[in-house]
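Enquirer: 3D, please:
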Amino acid sequence: MIKAVIFDVDGTLIDSVDLHARAWQEAFAHFGKHFDFERVRSQIGKGGDQLMPVFLSREELEEFGEELEEYRGELFKREYLPRVKGFPAVRELFQRVKDEGLQIALASSAKGDELKTYKKLARIEDLVEEETSSDDAEKSKPHPDIFEAALEKLEDVRPSDAVVVGDTPYDAEAAGKAGLQTIGLLSGGFPEEDLRAAGCARIYRDAADLLAAYDTSPLAKAEGGR
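Expert: Numbers count the residues shown, from 1 in each chain. Coordinates of the predicted model:
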């Protein structure tokens, strides 16, 4: 029986994937590295520690990787964060999960201060019991660290007792390594076949679609649910 739902944030609860990709693309260009937007976008969902090695050599990472990541973070907050919006029906989905008696946690590759803003944008500040960010993990997705940290914070929840809701193959890969099943949402713009190949058990268009199909979704197998 399901006791908890662990939600990814970017692309799952808020519309931010394209904006993160633009910020990374612009940051790379600032350091003289030019990459196609779609190539950069395909890596969103990973933290900087896993994203940058896809594009930079070990020597480049050592030379300016830390500076680049800091530049990207400041750029995103200044130019792109004001354009992020929450997806429809996210609060209603969270309220339904709470009404069913399940615990809720967030597990994001974002920094802790960004996560606070995202909760406000998604209107879920009062509905989240636990959260983990890149600050709680040695390695970001697709490594399982963030989901394992979320499980540790939840009360009496084993991997088999929880479901992850995410929008990228990296969510599903990371969750699978932690022994968690994943529901995939298409709201982040990743192809359905990629989500299935990464291990998503069920796939829905977005939070609103998952809410509409709640009674037949994996979330309906709640302990003490209706």
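Enquirer: what's the span of stretch 78-97, first residue to last?
Expert: When the termini of stretch 78-97 are compared using Cα to Cα, to the nearest Å, they are 34 Å apart.
Enquirer: who touches it?
Expert: Residues from elsewhere that reach stretch 78-97 (Cβ atoms under 8 Å, 6 or more residues apart in numbering): 5, 12-16, 19-20, 22-23, 104, 114, 117-118, 121-124, 127-128, 187, 206-208, 210-211, 214, 219. Any C-beta I mention is one placed from the backbone N, CA and C, and that applies to glycine too.
Enquirer: Can I have the buried ones of the residues you listed as a PyMOL selection?
Expert: Here is the PyMOL command that picks out the buried ones among the contacts of stretch 78-97, judged by 16 or more other Cβ atoms under 10 Å:
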select buried, resi 5+12+13+14+15+16+19+20+22+23+104+114+118+121+122+124+127+128+187+206+207+208+210+211+214+219
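Enquirer: Now, the contacts of stretch 78-97 that are in strands?
Expert: When strands are assigned by DSSP state E, the members of those inside them are 5, 14, 15, 104.
Enquirer: Give me the pLDDT value at the last one.
Expert: Yep, that's residue 104 we're talking about. Residue 104 is assigned a pLDDT of 97 by the prediction.
Enquirer: show me the residues around it that make contact.
Expert: Taking Cβ under 8 Å, 6+ apart as the definition of contact, the neighbours of residue 104 are 4, 5, 6, 7, 94, 97, 98, 127, 128, 129, 130.
Enquirer: Just the buried subset of those residues, written out for PyMOL, thanks.
Expert: Restricted to buried positions by 16+ other Cβ under 10 Å, the PyMOL selection for these reads:
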select buried, resi 4+5+6+7+94+97+98+127+128+130
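Enquirer: Let me know the closest of the contacts of residue 104 to residue 110.
Expert: Taking Cβ to Cβ as the measure, residue 110 lies nearest residue 7 of the contacts of residue 104, at 12.3 Å.
Enquirer: Determine the number of other residues adjacent to residue 155.
Expert: Neighbours of residue 155 under the rule other Cβ atoms under 10 Å: 9.
Enquirer: for it, what are its contacts?
Expert: Contacts for residue 155 were tallied using Cβ under 8 Å, 6+ apart; they are residue 103.
Enquirer: Which secondary structure state is assigned to it?
Expert: Classification of residue 155 by DSSP: H, G, I helix; E, B strand; the rest coil places it in coil.
Enquirer: Tell me the spacing between the closest residue to residue 138 other than its chain neighbours and residue 164.
Expert: Ranked by Cβ to Cβ, 6 or more residues apart in numbering and with sequence neighbours excluded, the top spatial neighbour of residue 138 is residue 145, at 5.5 Å. In this structure, residue 145 and residue 164 are separated by 14 Å, where distance is defined by Cβ to Cβ, to the nearest Å.
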